[in-house]
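Peer 1: with the input below, show me the fold.
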Amino acid sequence: MKVHVAKSRAELGHFAAHEIGETLREGLRTKTHLRLILAAAPSQSDMLAALRREPEIDWTRITAFHMDEYIGLPADAPQGFANWLKREFIDHLPLSRFEPINPDNNPEAACKRYAALLAEDPVDVVLLGIGTNGHLAFNDPPANLDDPVPVKVVTLDTMCREQQVLDGCFPTLDDVPHLAITLTIPTLLSGRELFCCVPGRHKSTAVQAALESTISGDCPATALRTHPRCTLYLDHESSSMREIYGHDNHNRT
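Peer 2: Just a heads-up that it's a prediction; the model follows:
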């Protein structure tokens, strides 16, 4: 897995956006349309802001999906991941279309609908992060790295819900929903290229586990190491448990 360590969160976002932009531009030179899956979290804000400014990307030929959504929030709740992505990214660009996960009153039916949409064509690019408990999307440990279901309803563990408070998305733990819809690990890894942005000291332990632990559902992020085209972007703080990287901006593992 390719690893890039930046000196700051802003540099991480800028560098990742440039490499993602290059991949999108290259893809659009050979394909008429691309499909993109996005993570929705404050850790992605710098990268998404920079990606919006990347030149010469024909967004009208790109369809966007996202990887998880709470169950039980009002449709217009600002914490909803589809709503967050619209504010931060989608509404700023002339995308071909954006397909939000909409649990409505029937989450299981929503999972089947979304799985069918994703299965229509291959996914070209996935932009994701790593949770403080090592989760990918809302696949909390212990996760099934070979999950046969492409999209499913999950119960969020306490550490995952605490991260939502730490990120400033909810005022208290009691406000964080217990249930969500998530794309499963195989669905996320089905993308042709993966770009994973993980800034912040509170992610350093998860980053170390993702890079050094045995590949297993105990740290879902270890599954990234099985993908042939995955790049991990860290800042000085999130890489602090990995002394081997130091301040070098271009390292591979």
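Peer 1: and the strands in the stretch 51-200 of the chain?
Peer 2: In chain order, the stretch 51-200 of the chain shows strands spanning 62-66, 68-70, 97-99, 125-128, 151-155, 179-183, 193-198, with DSSP state E, counting those that start in this stretch as the criterion.
Peer 1: in TSV: the ones you listed, plus distance to A82 and mean pLDDT.
Peer 2: The C-beta positions use only the backbone N, C-alpha and C, and glycine is treated the same way. Output for the strands of the stretch 51-200 of the chain, formatted as TSV (distance: least, Cβ to Cβ, whole Å; pLDDT from 0 to 100):
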stretch	distance to A82	mean pLDDT
strand 62-66	6	98
strand 68-70	6	98
strand 97-99	8	98
strand 125-128	15	98
strand 151-155	14	98
strand 179-183	11	98
strand 193-198	19	98
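Peer 1: save these as CSV, and put in mean neighbour count and distance to N105 too.
Peer 2: What follows is the strands of the stretch 51-200 of the chain, written out as CSV (neighbours: other Cβ atoms under 10 Å; distance: least, Cβ to Cβ, whole Å):
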stretch, mean neighbour count, distance to N105
strand 62-66, 22, 20
strand 68-70, 23, 14
strand 97-99, 15, 19
strand 125-128, 25, 28
strand 151-155, 19, 13
strand 179-183, 24, 13
strand 193-198, 25, 33
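Peer 1: can I get those strands in a markdown table including distance to I20?
Peer 2: Shown next, in a markdown table, are these (distance: least, Cβ to Cβ, whole Å):
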| stretch | distance to I20 |
| --- | --- |
| strand 62-66 | 12 |
| strand 68-70 | 20 |
| strand 97-99 | 17 |
| strand 125-128 | 7 |
| strand 151-155 | 23 |
| strand 179-183 | 19 |
| strand 193-198 | 5 |
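Peer 1: quick one: closest of these to L51.
Peer 2: Ranking the strands of the stretch 51-200 of the chain by distance to L51, with Cβ to Cβ as the measure, places strand 125-128 first at 8.2 Å.
Peer 1: tally up the residues packed near R9, please.
Peer 2: The burial count assigned to R9 is 20, neighbours taken as other Cβ atoms under 10 Å.
Peer 1: got a list of what it touches?
Peer 2: Contact partners of R9, counting by Cβ atoms under 8 Å, 6 or more residues apart in numbering, are D46, P199, G200, D235, E237.
Peer 1: I'd assumed the last one was in a helix, is it?
Peer 2: Right, the one you point to is E237. No. Membership of E237 in a helix is not supported by DSSP: H, G, I helix; E, B strand; the rest coil, which gives coil.
Peer 1: grab the nearest non-local neighbour of it.
Peer 2: Of all residues not flanking E237 in the chain, R201 sits nearest, at 3.9 Å (Cβ to Cβ, 6 or more residues apart in numbering).
Peer 1: now do the SS call for Y233.
Peer 2: Reduced to three states by three-state DSSP, Y233 is strand.
Peer 1: D157 and D140 touch, don't they?
Peer 2: Yes. Applying Cβ atoms under 8 Å, one finds D157 in contact with D140, separated by 4.5 Å.
Peer 1: joint contacts of those two?
Peer 2: Contact with both D157 and D140 is made by residues N133, according to Cβ under 8 Å, 6+ apart.
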